[in-house]
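Visitor: What would the 3D arrangement of this be:
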Amino acid sequence: MTRWDRLTGGASGEEYAARFAALAARGEDVHGEATFVDGLVVPGSRVLDAGCGTGRVAFRLAELGHHCVGVDVDASMLAVARREAPGITWVHGDLADLPDEVRRDAPYDLVVLAGNVVPLLAAGTLSAVVAGLTDLLRPGGLLVAGFGLDDAHLPRGCPVTPLAEYDDAATALTPVDRFSTWQAAPFDKGAGYVVTVHRR
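Guide: The predicted structure is shown next:
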């Protein structure tokens, strides 16, 4: 069971979607992740949104012209995604045991892990998840992950995944860059958040 399942019970899709809808209604930018990803790839790229949740990132990337597939372990999240964007392929499955439907669309130009997916994985699965997602990338493809590095940037009750642990899991990849925000602020260990980019 993932840490996300333990924290939410797998029934938080509508609540999660409402929170971001409220942010958007206040004029806040809810597309930082998609804008960042769009700047890394050419138009019409194949993108896997790994841990896609309600589909916010994949939906925006599809609007920008990319071919997107979303996969998530939470059926309540995917129900929202399917309702809001039925034209995108949404797959129910665990990142530690990727469904065949996700594999069939490979290779991908980029795989993105947004929304604290990394620390919300099941304990002990990070290396297997990174290896499995790496296998889905084309040569030269990018793996992008953004996640909190302290309690202030994580859901209540979610343990911190040290950056060094993620780097160890990604040793088969080439580090490209890292930032402290999806708006590409220079990386600062004290900022409490990281967006890291690796190349296959």
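Visitor: What is the least confident helix or strand in this protein?
Guide: Across the helices and strands of the chain, mean pLDDT, DSSP states H and E gives its lowest value to helix 13-25, namely a mean of 58.
Visitor: Point out the other helices and strands that the next helix or strand after that helix packs with.
Guide: For helix 13-25, the following helix or strand on the C-terminal side (DSSP states H and E) is helix 32-38. Helices and strands touching helix 32-38, as assessed by 3 or more C-beta pairs under 8 Å, 6 or more residues apart in numbering; DSSP states H and E, comprise helix 56-63, strand 108-113, strand 137-148. Every C-beta, even on glycine, is put in place using the N, C-alpha and C of the backbone.
Visitor: Would you mind giving those as a markdown table with distance to residue 189, mean pLDDT and mean neighbour count added?
Guide: A markdown table is the format used below for the helices and strands packed on helix 32-38 (distance: least, C-beta to C-beta, whole Å; pLDDT from 0 to 100; neighbours: other C-beta atoms under 10 Å):
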| stretch | distance to residue 189 | mean pLDDT | mean neighbour count |
| --- | --- | --- | --- |
| helix 56-63 | 25 | 96 | 23 |
| strand 108-113 | 20 | 98 | 26 |
| strand 137-148 | 13 | 98 | 20 |
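Visitor: Which of the ones you listed sits closest to residue 75?
Guide: Nearest of the helices and strands packed on helix 32-38 to residue 75, taken as C-beta to C-beta: helix 56-63 at 16.5 Å.
Visitor: hang on, the earlier thing: what's the closest of the helices and strands packed on helix 32-38 to residue 37?
Guide: The nearest among the helices and strands packed on helix 32-38, by C-beta to C-beta, is strand 108-113 at 5.4 Å.
Visitor: Sheet partners, orientation included, of the closest one?
Guide: Using DSSP bridges, the strands paired with strand 108-113 are strand 46-50 (parallel), strand 137-148 (parallel).
Visitor: Rebuild those as JSON lines, extending it with distance to residue 191.
Guide: Shown next, in JSON lines, are these (distance: least, C-beta to C-beta, whole Å):
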{"stretch": "strand 46-50", "distance to residue 191": "23"}
{"stretch": "strand 137-148", "distance to residue 191": "10"}
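Visitor: ok so, going back, among the helices and strands packed on helix 32-38, which comes closest to residue 131?
Guide: The nearest among these, by C-beta to C-beta, is strand 137-148 at 10.6 Å.
Visitor: one step back: out of the helices and strands packed on helix 32-38, which is closest to residue 44?
Guide: Of all the helices and strands packed on helix 32-38, strand 108-113 sits nearest to residue 44, with 9.1 Å by C-beta to C-beta.
Visitor: which residues are contacting the closest one?
Guide: For strand 108-113, contacts defined as C-beta atoms under 8 Å, 6 or more residues apart in numbering pick out 33, 37, 40-42, 45-51, 57, 69, 133, 136-138, 141-147.
Visitor: Show me what the residue nearest the centre of the chain bridges to in the sheet.
Guide: Centroid-nearest residue in the chain, with C-alpha atoms, centre = their mean: residue 113, separated by 2.1 Å. Assessed by DSSP bridges, residue 113 has beta-bridge partners residue 145.
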